[in-house]
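K.L.:
Here's my sequence, what's the structure:
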Amino acid sequence: MHFEEILERNRRFAAGRTPHPLPPPSPAALIVVSCFDPRLDGLMAPALGLEGEKVLWFRTAGAFVPRESATIRSLLVKIFLFDVQAIVVVGHSSCRMASFDAESFIASFRARGVERDAFGGEDLRGWAGAIGSPRQGVELTIENILSHPARPDDLVVNGAVLDDTRGLLEPVGHAPKVTERDSSAEGPPFDGVGDAPKAPGPDRSSDAAVEEMARALRSSAKWRYEVGRLRKELVRADGPASKLPILVRFVEQVGVDSREVVEAYQQFLRGARRAGDESVDPDALLRQFERLVMKL
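P.N.:
Residues are numbered from 1 along each chain as shown. Next up, the predicted model:
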C-alpha cells in the first residue's frame, strides 16, 4: 500500500469523526513482552486470556530484551510512566529469531542494495538479537530485566513459551539451569549447559580449551560489559556453590551474541569431565572458570 492511499483513507476517517482529545494516561498493571511476528496478532491476547484487559504490549524481535540497549530503556520508561507492577515475557515456539538464518539474511539485504559492512564487524546473529531457543530468549530477557539497576524492587517478572500450534503456555523460570549432584545420593549427572558432546580421552588438559574460550569471549560484542558485571557478582558470591551458577549463566548470556562462544564452551566442558562416567565435575569446572576470568 502506498502512502498516498493511507493519507486518503485518513482524510475519509477524519471527515466523519467528531474531534475529541485522548483520555488522560492511566496506570496499567501488566506489560506483555512478546515477539513482533505478525502471525501472533490474533493469537497472543486470546491465548493469554487478555482480550479486553488493560495491558501494555511491548513487541521486539524474538521477545528478547538485550541487557544494555535502547530496547530495555524503552521498557523501563514504559514501566515508570504507566506505573507497571508486573511483566510477562512470552516467546513462541516457531520464532524465527531462534532459527535465525544468517545466509538468508545476507541474501535479503544484499538484494536490496545493502552491503555487509553496513552492519559492522559484529556477528550477524548478535546484531539481529538472535536467540538460542525461545526458552533461552525468555530466560535471558527475565534475567536482563531483573538485574538492571533501574528496575523497581516491587516489579514482578515472569515468563512462558507459547506453543503457537496448540495455543498452550509453558511457564519458564529465570534460574540458571545448573545443578550440582550430591555425592551421597543417586541422581542424574551434572550436565553443564546445553548438549555438550562427551568426548573421552586420556588427555584431560584444559589449557587449550580455556584459551579458546577466552578468545571467543573477547570477540563477542558484549564481553566487556558482561565480564565486568561477572566480576562484581563473583565478589558478592559466597563460596563455590554460589559462584558456579553465576559463571554458567554468564556463558549462556554472552553465548547469545556468538555461536563461536557456544562452540568454545562445548570444548571447555570437556576439560572438566570425570574420567569414569563422563559427567561434569563442578569443582573442576569452577577451577576452569576461575582461570578463564583471570585471562579476561
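K.L.:
Could you measure from L244 over to V84?
P.N.:
Remark: distance between L244 and V84 (Cβ to Cβ, to the nearest Å) = 34 Å. For the C-beta atoms, the positions are set from N, CA and C on the backbone; glycine is no exception.
K.L.:
swap that for R236, please
P.N.:
28 Å.
K.L.:
More neighbours: which of these two?
P.N.:
Taking other Cβ atoms under 10 Å, R236 and V84 do not tie; V84 has more neighbours (22 against 9).
K.L.:
Report the separation between the residue nearest to that one when sequence neighbours are not counted and P24.
P.N.:
Excluding the flanking residues, the one nearest V84 by Cβ to Cβ, 6 or more residues apart in numbering is I31, at 5.1 Å. Per Cβ to Cβ, I31 is found 19 Å from P24.
K.L.:
Over to L169?
P.N.:
When L169 is compared with P24 (using Cβ to Cβ), they lie 33 Å apart.
K.L.:
ok, these two, which is more surrounded?
P.N.:
L169 (17 against 5).
K.L.:
which phi and psi does the more buried one have?
P.N.:
Backbone torsions of L169, given as degrees, to the nearest 10, read phi -90, psi 140.
K.L.:
cool, and T71?
P.N.:
When read as degrees, to the nearest 10, the backbone of T71 gives phi -60, psi -50.
K.L.:
Just confirm it contacts V65, I think it does.
P.N.:
Yes. T71 is within contact range of V65, at 5.2 Å (criterion: Cβ atoms under 8 Å).
K.L.:
okay, these two: which has more neighbours?
P.N.:
Neighbours per residue, other Cβ under 10 Å: of T71 and V65, the larger number sits with V65, 27 against 19.
K.L.:
Would you double-check that that one falls in a helix?
P.N.:
No. Counting by DSSP: H, G, I helix; E, B strand; the rest coil, one finds V65 to be coil, located in no helix.
K.L.:
Apart from its neighbours in sequence, what residue is nearest it?
P.N.:
Distances taken as Cβ to Cβ, 6+ apart place T141 nearest to V65, at 4.6 Å, with adjacent residues excluded.
K.L.:
For this structure, which segments are assigned as strands?
P.N.:
Secondary structure of the chain, counting by DSSP state E: strands at 30-35, 55-60, 86-92, 156-163, 168-172.
K.L.:
Format those strands as JSON lines; extra columns: distance to D123.
P.N.:
Putting these into JSON lines (distance: least, Cβ to Cβ, whole Å) gives the following:
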{"stretch": "strand 30-35", "distance to D123": "21"}
{"stretch": "strand 55-60", "distance to D123": "19"}
{"stretch": "strand 86-92", "distance to D123": "21"}
{"stretch": "strand 156-163", "distance to D123": "24"}
{"stretch": "strand 168-172", "distance to D123": "25"}
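K.L.:
closest to P149 out of those?
P.N.:
Closest approach to P149 among those is made by strand 156-163 (14.9 Å; Cβ to Cβ).
K.L.:
Show me what counts as buried in the closest one.
P.N.:
Using 16 or more other Cβ atoms under 10 Å as the test for burial, strand 156-163 gives 157, 159-162.
K.L.:
Turn those residues into JSON lines, including pLDDT and distance to G42.
P.N.:
Formatted as JSON lines, the buried residues of strand 156-163 follow (pLDDT from 0 to 100; distance: Cβ to Cβ, whole Å):
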{"residue": "V157", "pLDDT": "92", "distance to G42": "26"}
{"residue": "G159", "pLDDT": "93", "distance to G42": "22"}
{"residue": "A160", "pLDDT": "95", "distance to G42": "18"}
{"residue": "V161", "pLDDT": "95", "distance to G42": "19"}
{"residue": "L162", "pLDDT": "96", "distance to G42": "13"}
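K.L.:
Show me the shaky parts of the stretch 51-200 of the chain.
P.N.:
In the predicted model, the stretch 51-200 of the chain carries pLDDT under 70 at residues 173-200.
K.L.:
show me where it has helices.
P.N.:
Listed in chain order, the helices of the stretch 51-200 of the chain (DSSP state H, counting those that start in this stretch) span residues 70-81, 102-111, 124-128, 134-146.
K.L.:
Let me know which of these is tucked in deepest.
P.N.:
Among the helices of the stretch 51-200 of the chain, helix 134-146 has the highest mean neighbour count (mean count of other Cβ atoms under 10 Å), at a mean of 24.
K.L.:
Restricting the selection to alpha carbons, write that helix to CSV.
P.N.:
This file holds the C-alpha atoms of helix 134-146, laid out as CSV (Å, rounded to 0.1, in the frame of the first residue of the first chain):
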residue,chain,number,x,y,z
PRO,A,134,12.5,-19.5,22.5
ARG,A,135,13.0,-20.7,26.1
GLN,A,136,16.5,-19.3,26.4
GLY,A,137,15.4,-16.0,25.0
VAL,A,138,12.7,-15.7,27.7
GLU,A,139,15.1,-16.7,30.4
LEU,A,140,17.7,-14.2,29.4
THR,A,141,15.2,-11.4,29.0
ILE,A,142,13.8,-12.1,32.5
GLU,A,143,17.4,-12.1,33.9
ASN,A,144,18.3,-8.8,32.0
ILE,A,145,15.2,-7.1,33.4
LEU,A,146,15.6,-8.3,36.9
